[in-house]
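1. Quick check, what structure comes out for this input:
(chains A and B, ligands or ions: 2)
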Amino acid sequence: MEFGPHFLLASLEGAVNAAVLALMAVGLSIVFGIMRVVNVAHGEFFMLGAVLAWWISSLVGAHPAYGFVVALIAAPLIVGAIAALADHFVLRRINYDPERTIVATIGLLYVLQQTTLMTFGPEARPVEAPFNKRIALPWFEKTAEGFSMYWPWGLGTTTYKLAVIAAAAVILIGLWIFMTRSRIGLIMRATQLDSEMALAYGIPVDRVYALVFGMGAAIAALAAVLVVPIQQAHYLMGHDPLLLSFIVVIIGGLGSIPGTIVAAILIGMSDGIISVFFSPTVAKILATLLVAFVLIFRPQGLFGKRVA
Amino acid sequence: MLEVSNIETGYGDVQVLYGVSLSVKPGEVLCLLGRNGAGKTTLLKSIMGLLPLKSGSISFNGKALHTEPAHLIAKHGIAYVPQGRRLFSELTVAQNIEIGLMVQGRGHQTRERVLELFPRLRERMKQRAETLSGGEQQMLAMARALSTEPRVLLLDEPTEGLQPSMVALIDEVTLKMKNEGVAIVLVEHQLDTVLTIADRVAFIENGRNPETVTTSDLALTPNKVMQYLGVS
Ligand SMILES: Nc1ncnc2c1ncn2[C@@H]1O[C@H](COP(=O)(O)OP(=O)(O)OP(=O)(O)O)[C@@H](O)[C@H]1O
Ligand SMILES: [Mg+2]
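-> Residues are numbered from 1 along each chain as shown, chains lettered A, B, ... in the order given. Ligands and ions are numbered 1, 2, ... in the order given. Predicted structure coming up:
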């Protein structure tokens, strides 16, 4: 394939990457932003969402679309509930102390991972996409008579991949509206800004934290359900998304939703494109280098506010 | 009536209050007077349930408050204007007031009443709290508290760093609340303000409350102020 079509193909893969990563990282970012908790177990909530999506859709049987829709609703709810319980029984007990929450969520990471391994086994599990039509894409060629269009072999995508991108966009816009327009969003932001004053003004901060931690995990699970028809569910699949989300959240500015989304697009696209032209390892090395530069030259991230 | 009896509390292992007692009736202004670091802010925070008590009790109209979770204290009609304002900085004026209104589920009417007290805020409803001037921020801190339609108002140095006309406005609103029957606990370093608006003065010294006197008695014994504050 020539460079042009090849680049378009890589960009499409990158866009799917970016969409899933944006969801994942926004989940991590709201948990950090509101609770000041660095959730090392975030990748495991993603993994759990994927494995549950496989389990649920295999239970439902019937038409794959039917099982997928049930998984799309049920998996995030189950994962969110597990996270809310973890908040209640673990994080709250250690008073959200920054260092101890890191250790606690590392513990949670292994508990979730090993429990999944023991329950569902080590196999990679596929989930059938609800729809998956191939779309061939055209490319342009300069000939003697000007531009002409042709369909290069192998240049194409699927309706499902495009739907993932659209779904992620809809979810992110919905989340933004929820945070900035709804009453619960207002309560969450007040808690983020001054949790002690929130308490003094009648806000049940404990419940807000459980909700936020549950929401962060549910968004990761939702991302996983979307991705699992493209990438199989497996008990170790949480590591890469966790690393990339941390990279995105640091580059975007800790706790900033717009920054996180912009950084996810940047990292997701470049990770996709560089992986196609070079190798996934090179992509990760470059992303990590970028984090190093951001930390040196703009420690608050692209959109973060400088802390006084 | 708000009653604090013999409370001991502090931050972690550091004890700050060693058995403080006081009470305020509806329509009364009780002033807390004491040196920096005496424990006045700590006392107000413990009334709000923000610090766990080691011993002692706090009650309002006979109902124990210190056993309630912190977020329910405000619903009992206790409102707090903290030292240094502590607004929800990135939220707008309207949203800060909204948080206050939510405490008792109040709406438009309460908002209008509060904005009549502070008309300057009405022109700035969409402005972020952190971009307000110091005086406007203090007005908003008061407005947020009054939006809960409180029966007890805890004011921690509400006139700190304000120009005289702004001080007068805050004092005027405080007196208006007193006349509406709100019980008020006021932390204030300005002696003339204390003498004009307080009914009683509770001295706080090293986390204790050695004495509470009526303002008229205090006017007759100025050496007390000297004794507790080191000023005349
Ligand atoms: N978060 C905290 N952790 C530990 N100690 C604290 C904390 N806050 C206050 N203290 C200590 O408690 C004591 C009482 O402080 P407090 O703020 O109640 O004093 P205050 O009477 O309000 O003083 P000021 O007039 O300066 O406002 C001080 O010695 C202070 O250092
Ligand atoms: Mg103080």
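2. Return the residues in contact with the closest residue to A:W54 other than its chain neighbours.
-> Once flanking residues are discounted, A:W54 sits nearest to A:R125: 4.0 Å by CB to CB, 6 or more residues apart in numbering or on different chains. Quick note: C-beta positions are derived from backbone N, CA and C, even for glycine. Shown in contact with A:R125 (CB atoms under 8 Å, 6 or more residues apart in numbering or on different chains): A:V51, A:W54, A:S58, A:Q232, A:A233, A:H234.
3. The fifth one: what's it in contact with?
-> It stands for A:A233. The contact partners of A:A233, by CB under 8 Å, 6+ apart, come to A:M47, A:A50, A:V51, A:A53, A:W54, A:A124, A:R125, A:P126, A:V127, A:A224.
4. Would you point out the most distant pair within those?
-> Using CB to CB, these span at most 15.1 Å, a distance reached by A:M47 and A:P126.
5. higher neighbour count, these two?
-> Taking other CB atoms under 10 Å in any protein chain shown, A:M47 and A:P126 do not tie; A:M47 has more neighbours (28 against 15).
6. how close does the more buried one get to A:G107?
-> As judged by CB to CB, to the nearest Å, A:M47 and A:G107 stand 16 Å apart.
7. same deal with B:M177?
-> Taken as CB to CB, the span from B:M177 to A:G107 is 51 Å.
8. neighbour-wise, which of these two wins?
-> B:M177 (23 against 14).
9. Please name the nearest non-neighbouring residue to that one.
-> B:L153 (5.8 Å).
10. strands paired with the helix or strand hosting the one you found, and their directions?
-> Assigned by DSSP states H and E, B:L153 belongs to strand B:152-156. Applying DSSP bridges, strand B:152-156 is found paired with strand B:78-81 (parallel), strand B:183-187 (parallel).
11. Dump the ones you listed into JSON lines; add distance to ligand 2, mean neighbour count and mean pLDDT as well.
-> Below are these laid out as JSON lines (distance: least, CB to the ion, whole Å; neighbours: other CB atoms under 10 Å in any protein chain shown; pLDDT from 0 to 100):
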{"stretch": "strand B:78-81", "distance to ligand 2": "12", "mean neighbour count": "27", "mean pLDDT": "97"}
{"stretch": "strand B:183-187", "distance to ligand 2": "6", "mean neighbour count": "25", "mean pLDDT": "97"}
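12. Relative to B:K40, which of those is closest?
-> Counting by CB to CB, B:K40 lies closest to strand B:183-187 out of the strands paired with strand B:152-156; the figure is 4.6 Å.
13. what does that closest one rub up against?
-> Here strand B:183-187 makes contact (CB under 8 Å, 6+ apart) with B:1-2, B:22, B:24-32, B:40-41, B:44, B:47, B:83, B:151-158, B:174, B:177-178, B:194, B:197-198.
14. How far off centre is it?
-> Centre-to-centre, strand B:183-187 and its host chain are 5 Å apart (CA atoms, centre = their mean, to the nearest Å).
15. do the same with stretch B:79-92
-> Stretch B:79-92 sits 12 Å away from the centroid of its parent chain (CA atoms, centre = their mean).
16. and what of stretch A:107-122?
-> Between the centre of stretch A:107-122 and the centre of its chain there are 20 Å (CA atoms, centre = their mean).
17. Repeat that for stretch B:45-59.
-> So, by CA atoms, centre = their mean, the centroid of stretch B:45-59 is 15 Å from its chain's centroid.
18. Kindly list the longest helix within the chain.
-> Went with chain A since none was named. For chain A, the helix that runs over the most residues, judged by DSSP state H, is helix A:3-35.
19. please go with chain B instead
-> helix B:164-179.
20. ok, and what's touching that helix?
-> B:27-29, B:117-118, B:135, B:138-139, B:142, B:146, B:153, B:155, B:158-159, B:162, B:184, B:186, B:190, B:193, B:196-197.
21. Which ones among those lie within strands?
-> Among the contacts of helix B:164-179, the residues falling in strands (DSSP state E) are B:V29, B:L153, B:L155, B:I184, B:L186.
22. beta partners of the second one?
-> B:L153 has these beta-bridge partners by DSSP bridges: B:A79, B:I184.
23. Also the first one?
-> With DSSP bridges applied, the residues forming beta bridges to B:V29 are B:I184.
24. Need the pLDDT of it.
-> Looking at B:V29, its pLDDT stands at 97.
25. circling back: buried among the contacts of A:R125? Make that a ChimeraX selection.
-> Selection of buried members from the contacts of A:R125 for ChimeraX, criterion 16 or more other CB atoms under 10 Å in any protein chain shown:
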select /A:51,54,233,234
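26. Provide a list of residues in contact with B:P52.
-> B:T9.
27. Tell me the spacing between it and ligand 2.
-> 19 Å (CB to the ion, to the nearest Å).
28. tell me the domain ranges of chain B?
-> Taking automatic domain parsing as the criterion, chain B consists of the domains B:2-77+B:150-229, B:89-149.
29. Check these for me: which has the lowest mean pLDDT.
-> Minimum mean pLDDT among the domains of chain B: domain B:2-77+B:150-229, a mean of 93.
30. Tell me which helix or strand the residue nearest to A:A22 when sequence neighbours are not counted sits in.
-> Using CB to CB, 6+ apart and skipping residues adjacent in sequence, the residue nearest A:A22 is A:A264, 3.6 Å away. Element membership for A:A264, per DSSP H and E: helix A:257-277.
31. Report the distance from the following helix or strand past that helix to the chain centre.
-> Note on helix A:257-277: by DSSP H and E, the next helix or strand toward the C-terminus is helix A:280-297. In this view, helix A:280-297 has its centroid 19 Å away from the chain centroid, taken as CA atoms, centre = their mean.
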